[in-house]
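J.: A predicted structure for the sequence below; I have some questions about it.
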Amino acid sequence: GAVVSQHPSWVICKSGTSVKIECRSLDFQATTMFWYRQFPKQSLMLMATSNEGSKATYEQGVEKDKFLINHASLTLSTLTVTSAHPEDSSFYICSAPGVIGANVLTFGAGSRLTVL
Amino acid sequence: EDQVTQSPEALRLQEGESSSLNCSYTVSGLRGLFWYRQDPGKGPEFLFTLYSAGEEKEKERLKATLTKKESFLHITAPKPEDSATYLCAAIYGGATNKLIFGTGTLLAVQP
């Protein structure tokens, strides 16, 4: 069935470097994708809405210059964490609607980022 | 403030011991209530969507119900493989596809 694929599943980087996470929709087109962040023992928090061919929409409190989102095609959205710091260490998950149902989000497997 | 609250935070059951998880919501204009299952280190997996009070949906040992203020996820005769975090989420108001999640219930089913 249709799947949302994320890569890498885990990444470790040094403080100050940038990290890119890819989110691909397999076998379907996603004009919109959502990026979530989840800290240990906490719930998923929406970071931004990724829109194909236009600028992403960021939630209040999320720095758009730090978390760069690009949605250049109907099957790929990328999240780049720029100048990462230890407090950016988290589980980042992307999702896309419309696979199971119009309002139902299908999630990727997530990407674990650890910043040293 | 719009929010989704789940209880209990954690639940330990013996295999075969039925129970219910609670999801209370205070959102304006609920458009959909969702249940997801999340295994450690994985993304959430969709279980159910409920749209109106009185609606019920079932899948194997799970049944989800919805009232005007809360939703329940009933687990009948659970098995160890049902162990996971169960997340409740809501779409509300004019927001399209933007889910607000509860903090989840960590369920452990012991053999």
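T.: Thanks, I have the structure now. Numbers count the residues shown, from 1 in each chain, chains lettered A, B, ... in the order given.

J.: what about whichever residue of chain B sits closest to chain A, how many neighbours?
T.: Nearest residue of chain B to chain A (C-beta to the nearest C-beta) works out as B:Gly43 at 3.6 Å. To be clear about C-beta, it is placed using only N, CA and C from the backbone, and glycine gets the same treatment. For B:Gly43, the neighbour count with other C-beta atoms under 10 Å in any protein chain shown is 23.

J.: assign it to helix, strand or coil.
T.: The three-state label given to B:Gly43 by DSSP: H, G, I helix; E, B strand; the rest coil is coil.

J.: residues touching the closest residue to it other than its chain neighbours, list them.
T.: Spatial nearest neighbour of B:Gly43, excluding adjacent residues (C-beta to C-beta, 6 or more residues apart in numbering or on different chains): A:Phe107 at 3.6 Å. Neighbouring residues of A:Phe107 by C-beta atoms under 8 Å, 6 or more residues apart in numbering or on different chains: A:Val4, A:Tyr36, A:Ile93, A:Cys94, A:Ser95, B:Tyr36, B:Gly43, B:Pro44, B:Glu45, B:Phe46.

J.: pLDDT score assigned to the third one?
T.: The pLDDT attached to A:Ile93 in the predicted structure is 97.

J.: double-check it against A:Gly108; I have them as touching.
T.: Yes - taking C-beta atoms under 8 Å as the definition, A:Ile93 is a contact partner of A:Gly108 at 5.9 Å.

J.: now the common contact residues for these two.
T.: A:Gln6, B:Gly43.

J.: from the chain's centre, how far out does whichever helix or strand B:Leu21 is part of sit?
T.: Following DSSP states H and E, one finds B:Leu21 within strand B:19-26. With C-alpha atoms, centre = their mean, to the nearest Å as the basis, strand B:19-26 stands 7 Å off its chain's centre.

J.: now do that strand, average pLDDT.
T.: Throughout strand B:19-26, pLDDT has a mean value of 96.

J.: which positions in that strand come out as buried?
T.: Buried positions in strand B:19-26, judged by neighbour count with 16 or more other C-beta atoms under 10 Å in any protein chain shown: B:Leu21, B:Cys23, B:Tyr25.

J.: appreciated, that's everything.
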